[in-house]
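In: Here is a sequence together with a model predicted from it:
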Amino acid sequence: MIDFEMPNSIRKLVTMLDTVAENMMRPVSRHFDENEHEIPWDYINFMHQAMRATGAGSLAPDEGKKREGPRTGYQKLAFMLEVLSWGDAGIYLDTPGGGLGAAAVEAAGTDEQKAKFLERFTGETPIFAAMAMTEPHCGSDTAKIRATAVRDGDEWVLNGEKIFVTAGHKSLIDTEGFVVVWATIDPSAGRAGMRSFVVEAGTPGCTVTKLEEKLGIRASDTVSVVLQDCRVPFENLLGSPEVQKKTTKGFKGAMATFDATRPLIAASALGVARAALETLKEKLEEQGVEIRYGLPRSRMTNIEREIVDMEAMLRSGWLLVLKAVWLLDERKSNTLESSMSKVRAGDVVTKVTQRALQLLGPLGFSRDMLIEKWFRDAKINDIFEGTGQINRMVVARRILGYTRRELS
Amino acid sequence: MYAFEPTEEQRMLVDAVKRYAVNDLRPAAREADETGELPQDLIEKGWELGVLQASIPEDYGGFGEHSAVTGVLAAEELGWGDLAGGLAVMAPSTYALPILLAGTDEQKSELLPPVIEAEWKPYVAALIEPSFDFYVGELGTTAVSKKGGYVLNGTKAYVPYADKAQAFLVYANLDGKTQAFIIPADTKGLTVGERDLLMGIRGLPTFKLTLEDVNLPAEARLGGDEGHESELIIASSYVAISALGIGMSRAAYEYAMEYAKEREAFDVPIAQKQSIAFMLAEMATDIESVRLLVWEAAWKLDNGKEDAFKTAYLAFNAASDTTMMVTDRAVQVLGGHGYIREHPVEMWMRNGGGIPTLSSLAMA
């Protein structure tokens, strides 16, 4: 069946989150943008308690429970991220619950590992987790990762430097969380040597070395992490025992994580785009500018044309996200759609925030309004979790049936 | 509940349309474009697939319920096959579906069975007018009430098969409101003009149609004395032409992709070059996301959602842009070869340029 009816469970969630976004995020948006390294604890604590009470936000809320009807876990997450990012894309990244770190455990971990590492997120206090992949010398080219993991008895010894770790500070210093670190067990093996390891807060040899200052999403911390003879238990290597053999399974684990997270990042991007478009439309309405739908191009004003294009972009981009997460919920492959949704959403949010800024002119550029902040926040969506170009590459390889060697 | 999978029933219909598009429409497309004519048996075969018949209830000669979603799924396949051929097959729907959606019971009982129960016959709509700034909400063709009926005056263009049409559904401006009127072909004052000379869809003959003091009885007005709201009809056209455009875009994209994998430059297939690969990725992404917007608009129409018209309008705008972008890119991927009529991409580019204009020629 083809159906676009929002299920009641999602409708309720969205209504609740709208309130949070409007009352707990928007009013403090400017403050946390101007005070970069302050932590929005009010929001964090509230969300933690709310998510504990409702079970919202867990990456696999339907697992292990008796289900009635179709799964909607990832769909709910997409809506959640969209609404919270509409509130504030930086503060949303401070939502406790494990973020990308938990997503990696969820996508690549064994049942035991999931139980062990994910349980903490439902405890008394909010906990964070992060993913550490990028290194100073390599970003998109993840096969060039230099961080090493050497087995020593029952332990892995990790060495290397990771940068651009989102929420790394909150995961390792502010709370008892963890970072999922990507390292190679065989530097000569390229991607086949890649594995992911859970490094818990407080592990000796794991140090947060730098807190970045950014263009936007300033409420979210971005750090560097240095691993120096950092020892983690053997079972902190994510995945089944066969992952320890020399295959690209470990790497594919990371890619599987991206299949799940890319549409979610796309959802977040589109939340920012919606915020900008709605604000623009509100301003226009205040000014008595009417948007007429149904006119041919020859009769539209420039503003109407811009708005119609933006609305179409935003809606079609959102439907792509929705399809990508629906496929995830249906346990179907979504590699193509997930990358497509990220490509589209990155383009959409960049364009929409640019246009809104431009059309609002002196108002848009002013820090009195949030448009300029969203314009800055938006850009990260075309960069993190795979740049727009890397995602185009993934889409292209998939549609052409090409390997990395054939298209890079 | 969100879901993105056609039902089994829809899949069967779409598969049948797809087979027709692959085996019949596509192979005939180039010749039709060159000769300006689609073979009658080709159109008849498409008609027999029963896409329109399946959306008309039994009471009126059909065997199903109207579903815009099913309509756009079928339209995409027809568009993949050939836009001109698809429009020819669908032409009677531009007459029958407005009657189904907005007609009185009498109009439906009387007018639908002759269309639905027979072989393909040109019952067509006449909406577009040959002027800059044509706008469906403010037509130049006028309808004036007079005792017991209406008098229509004006000029229409892009009327398919007007020379052989059995009857027309003509849209006119009645006191500022767009209203449709059912007009048999032999009505006095109705003159079929010259065939339109068009850049694309050249296999589909379309004509100018002049109305000069065309006197109509009151019951000729769609919806009777009360008339009808034209928004829903226009929205149904938007989604249909959008789906045709998406189908044609998919055809162009697939063709360009296959070509790019074969054609070598600098010792590798050009598809291995990022500039080409990224174009293809963007084409695929745009097609997929705009297709979903078309589906949503159709779904909203089927479910009587308040913003169905607006969504259909957005989808139509997006599909117009996407079709023009994708069909242009397809020519670009083929380079000089794309410009030569040996390949179909130049035809799709010409046809693609018509999507923003041709909305009233299809209906889902």
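Out: Noted; the coordinates are in hand.

In: How confident is the prediction for the closest residue to residue A:385 other than its chain neighbours, by pLDDT?
Out: Nearest non-adjacent residue to residue A:385, counting by CB to CB, 6 or more residues apart in numbering or on different chains: residue A:265, 4.5 Å away. Yep, even glycine has a C-beta here, placed from its N, CA and C like the rest. Per-residue pLDDT puts residue A:265 at 93.

In: Spit out the contact partners of residue A:265.
Out: A:81, A:342, A:345, A:381, A:384-385 (CB atoms under 8 Å, 6 or more residues apart in numbering or on different chains).

In: Could you report the neighbour count for residue 191?
Out: In the absence of a named chain, this looks at chain A. 18 (other CB atoms under 10 Å in any protein chain shown).

In: The intended chain is chain B.
Out: 13.

In: Where is the longest helix in the chain?
Out: Since you didn't name a chain, this refers to chain A. helix A:249-286 (DSSP state H).

In: look at chain B instead
Out: helix B:231-262.

In: right, is that helix up against chain A?
Out: Yes. Judged by CB under 8 Å from any CB of the partner chain, helix B:231-262 comes into contact with chain A at B:231, B:234, B:257, B:260-261.

In: ok, those residues vs residue B:171, which is closest?
Out: Of all the residues of helix B:231-262 next to chain A, residue B:234 has the smallest distance to residue B:171: 9.4 Å, by CB to CB.

In: so which helix or strand takes in the closest residue to chain A within the stretch 1-150 of chain B?
Out: Among the residues of the stretch 1-150 of chain B, residue B:3 lies closest to chain A, at 4.4 Å counting by CB to the nearest CB. Residue B:3 is part of strand B:2-4, with elements assigned from DSSP states H and E.

In: Tell me the helix or strand right after that strand.
Out: helix B:8-20.

In: elements contacting that next one?
Out: Here helix B:8-20 touches helix B:68-81, going by 3 or more CB pairs under 8 Å, 6 or more residues apart in numbering or on different chains; DSSP states H and E.

In: doesn't residue B:363 make contact with residue B:94?
Out: Yes. Residue B:94 is in contact with residue B:363 according to CB atoms under 8 Å; the separation is 4.7 Å.

In: okay, the most far-flung residue of chain B relative to its centre: pLDDT?
Out: Seen from the C-alpha centroid of chain B, the residue lying at the greatest distance (CA atoms, centre = their mean) is residue B:267, 42.9 Å away. At residue B:267, the model reports a pLDDT of 95.

In: anything in stretch B:300-311 near chain A?
Out: Yes. Under the criterion of CB under 8 Å from any CB, chain A is reached by stretch B:300-311 at B:300, B:303, B:309-311.

In: Correction: the previous question concerned stretch B:336-354.
Out: No. Contact of stretch B:336-354 with chain A (CB under 8 Å from any CB) is absent, the minimum separation being 13.2 Å.

In: measure that stretch end to end?
Out: Taking CA to CA, to the nearest Å, stretch B:336-354 runs 23 Å from one end to the other.

In: Write down the beta-bridge partners of residue B:150, one by one.
Out: Beta-bridge partners recorded for residue B:150 (DSSP bridges): residue B:145, residue B:216.

In: ditto for the one 5 residues further on
Out: Here residue B:155 sits in beta bridges with residue B:210, going by DSSP bridges.

In: Please name the residues that touch it.
Out: B:129-130, B:140-141, B:193, B:208-211.

In: In those residues, find the pair that's most separated.
Out: B:140 and B:193 (15.2 Å).

In: The residue of the stretch 1-150 of chain B closest to chain A touches residue A:5, doesn't it?
Out: No. Under the criterion of CB under 8 Å, residue B:3 makes no contact with residue A:5, lying 9.1 Å away.

In: the strands in the chain, which residues?
Out: No chain was given, so I picked chain A. A:2-4, A:129-132, A:148-152, A:155-166, A:178-184, A:194-200, A:206-211, A:222-233 (DSSP state E).

In: Chain B, not that one
Out: Going by DSSP E, chain B shows strands at B:2-4, B:123-126, B:142-146, B:149-160, B:167-174, B:177-184, B:190-195, B:206-217, B:264-265, B:268-269.

In: Now do the one helix or strand in chain A whose mean pLDDT sits lowest: which elements does it pack against?
Out: Least confident helix or strand of chain A, by mean pLDDT, DSSP states H and E, is helix A:99-108 with a mean of 86. When contacts are defined as 3+ CB pairs under 8 Å, 6+ apart, helix A:99-108 sits against helix A:111-118, strand A:129-132, strand A:178-184, strand A:194-200, helix A:249-286.

In: what helices or strands is the third one leaning on?
Out: I take that to be strand A:178-184. Counting by 3+ CB pairs under 8 Å, 6+ apart, strand A:178-184 packs on helix A:99-108, strand A:129-132, strand A:148-152, strand A:155-166, strand A:194-200, strand A:222-233.

In: for that strand, the distance to its chain's centre please.
Out: Remark: strand A:178-184 is offset 17 Å from the chain centroid, using CA atoms, centre = their mean, to the nearest Å.

In: Now that strand - C-alpha only, CSV.
Out: The C-alpha trace of strand A:178-184 is given here as CSV (Å, rounded to 0.1, in the frame of the first residue of the first chain):
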residue,chain,number,x,y,z
PHE,A,178,31.6,6.1,25.8
VAL,A,179,33.1,6.7,22.4
VAL,A,180,33.1,4.2,19.6
VAL,A,181,36.6,4.4,18.1
TRP,A,182,37.5,3.2,14.6
ALA,A,183,41.0,1.7,14.4
THR,A,184,42.8,-0.7,12.3
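
In: which residues are in contact with that strand?
Out: A:100-101, A:104-105, A:117, A:129-133, A:142, A:145-149, A:158, A:160, A:162, A:165, A:168, A:171-172, A:193-201, A:206, A:225, A:227, A:238, A:254.

In: pLDDT averaged over that strand - what is it?
Out: 95.

In: go on, the fourth one?
Out: Model confidence over strand A:194-200 averages 94 on the pLDDT scale.

In: hmm, back to that, just the buried residues of the contacts of strand A:178-184.
Out: A:100-101, A:104-105, A:117, A:129-133, A:142, A:145, A:147-149, A:158, A:160, A:162, A:165, A:168, A:171-172, A:193-201, A:206, A:225, A:227, A:238, A:254 (16 or more other CB atoms under 10 Å in any protein chain shown).

In: packing partners for the longest helix of chain B?
Out: Partner elements for helix B:231-262 (3+ CB pairs under 8 Å, 6+ apart): helix A:388-400, helix B:68-81, helix B:83-90, helix B:93-102, strand B:268-269, helix B:274-302, helix B:308-334, helix B:345-352.

In: what angle sits between that helix and helix B:68-81?
Out: 40 degrees (axes from the mean of the first three to the mean of the last three CA atoms, to 10 degrees).

In: any idea of the angle helix B:231-262 forms with helix B:345-352?
Out: Using the same axes, to 10 degrees: helix B:231-262 against helix B:345-352 is 160 degrees.

In: Any buried residues in helix B:231-262, and which?
Out: Here helix B:231-262 shows B:231-257, B:259-261 as buried, counting by 16+ other CB under 10 Å.
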